[in-house]
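# Coordinates for the following, if possible.
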Amino acid sequence: MKTADQQAIRTLVKARMDFQAIRKAQSNRLGKKADGTEQNIPGRNFTTTDLENFVIIADDAKKQEAKIEKMLKKTLKRFPVYNEFLVNVKGVGPVAAGWIIGEFDIEKATTVSKMSQYSGMNPSEVKGKKRIDSKKYKGEPICAEIKNQKGIVEAYIIETNEMVRGDKPTPKFVLPYNKGLKAALLGVMADGFIKAKSSYALEFYYPYKHRLENSSSKVLHLGKMVPWKDVSKGHRDAAAKRYMVKMFLHDLYAAWREIEGLLVRKPYQEEYLGHKHVA
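Numbers count the residues shown, from 1 in each chain. Model prediction:
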């Protein structure tokens, strides 16, 4: 169960997302690109007064984003894992840290593989889960209950014996990972690592991407098996980012569990197979 402080972090992260969405949408309506330059879209002519008003809306949303980030950074200091680990990781800003602390439950994450699965970094197959109306429930194993505002159970999340990809959506099945967390780790944080030239980028991202650029090992790409060296640059880039984030999760898991006085288990490959991860 999330603590009150974690709920505060989650609320701030979501509030920032709300204002960010407003800013981006308003800028798009004004014909602005992400970098502030003009889009080549005809038919968007406003009077000077209206244009000024619309710009004010976008600017106000941007200011609110900045205010929330300050609140977020202050609230993050309530957490030992932030003060003792995350704040020292180059490339992890308050937004990424907010997603990490607000979404992960380190007590439930008894292994690093559970963190990888929850954040969408596990490409292996897992048992699929489905949402079923409470009136149609027939005794299947229940993973979670979905209640309405009155506290009445409307549906259940049940586990099936059907296997689905752990890192991709499957039609008719509940998403097997936290979509927002995955986007934050692979987008916000991964890009932060690369931009900051952090040790995770230098030790894992670049070496792994270089290895894939020269690899004849095959991977499913656009419906067929293709050597890694022949897939698109974007595909290799995404794979390298995922690998880098997984290596970060290994360190996060060990540090966080230790800080909280919880048992730290080695990854399965190390504990049972004697393998260690290298780039």
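# where does this structure dip in pLDDT?
Filtered on pLDDT under 70, the chain yields the residue ranges 1, 32-44, 267-279.
# one more time with 80, if that's ok
1-2, 29-47, 51, 221-222, 266-279 (pLDDT under 80).
# all helices for the protein, in order.
For the chain, the helices defined by DSSP state H occupy 4-29, 48-76, 80-84, 94-103, 112-118, 179-183, 190-196, 199-200, 206-213, 233-259, 268-271.
# deepest of the ones you listed, which one?
Highest mean neighbour count of the helices of the chain: helix 94-103, a mean of 24 (counted as mean count of other Cβ atoms under 10 Å). Just so you know, the C-beta spots here come from the backbone N, C-alpha and C atoms, and that holds for glycine as well.
# need the contact list for the residue lying closest to residue 263 once chain neighbours are set aside.
Counting by Cβ to Cβ, 6 or more residues apart in numbering, residue 263 lies nearest to residue 257, which is 6.9 Å off, once chain neighbours are set aside. Residue 257 makes contacts with 106, 109, 263, 264, as judged by Cβ atoms under 8 Å, 6 or more residues apart in numbering.
# Narrow those residues to those that are buried.
Using 16 or more other Cβ atoms under 10 Å as the burial test, the contacts of residue 257 include 106, 109 as buried.
# Save the contacts of residue 257 as CSV, and put in distance to residue 7 too.
Output for the contacts of residue 257, formatted as CSV (distance: Cβ to Cβ, whole Å):
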residue, distance to residue 7
106, 15
109, 18
263, 26
264, 26
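# For residue 231, state which of the contacts of residue 257 is nearest.
Distance to residue 231 across the contacts of residue 257 (Cβ to Cβ) is lowest for residue 109, with 31.7 Å.
# show me the contacts for that closest one.
Contacts of residue 109 (Cβ under 8 Å, 6+ apart): 115, 118, 253, 257.
# Also residue 205?
With Cβ under 8 Å, 6+ apart, residue 205 has these contacts: 190, 193, 194, 240, 241, 243, 244.
# Which pair of the residues you listed spans the longest distance?
The most distant members of the contacts of residue 205, if one measures by Cβ to Cβ, are 194 and 243, lying 12.8 Å apart.
# returning to what we had before: and the contacts of residue 109 as JSON lines, adding distance to residue 82?
Formatted as JSON lines, the contacts of residue 109 follow (distance: Cβ to Cβ, whole Å):
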{"residue": "115", "distance to residue 82": "16"}
{"residue": "118", "distance to residue 82": "19"}
{"residue": "253", "distance to residue 82": "15"}
{"residue": "257", "distance to residue 82": "15"}
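# Looking at these, spot the one nearest residue 223.
Comparing every one of the contacts of residue 109 with residue 223 (Cβ to Cβ), the shortest separation belongs to residue 118, at 28.4 Å.
# ok, that closest one touching residue 177?
Yes - in this structure, residue 118 is within contact of residue 177 by Cβ atoms under 8 Å, at 6.0 Å.
# follow-up on the earlier one: can you put the helices of the chain in CSV and add distance to residue 156?
Converted to CSV, these look like this (distance: least, Cβ to Cβ, whole Å):
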stretch, distance to residue 156
helix 4-29, 24
helix 48-76, 34
helix 80-84, 33
helix 94-103, 22
helix 112-118, 20
helix 179-183, 20
helix 190-196, 35
helix 199-200, 39
helix 206-213, 40
helix 233-259, 30
helix 268-271, 30
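# Residue 162 is nearest to which of those?
helix 112-118 (16.6 Å).
# Show me the contact partners of that closest one.
So helix 112-118 is contacted by 103-104, 108-109, 122, 126, 166, 176-178, 181, 246, 249-250, 252-254, 265, 267-268 (Cβ under 8 Å, 6+ apart).
# 7 Å instead, please
104, 109, 122, 126, 166, 177-178, 246, 249-250, 253, 267-268 (Cβ atoms under 7 Å, 6 or more residues apart in numbering).
# Quick one: distance of that helix to the chain centre.
How far helix 112-118 lies from its chain's middle: 12 Å, per Cα atoms, centre = their mean, to the nearest Å.
# cool, and stretch 157-173?
Worked out by Cα atoms, centre = their mean, stretch 157-173 lies 19 Å from the chain centre.
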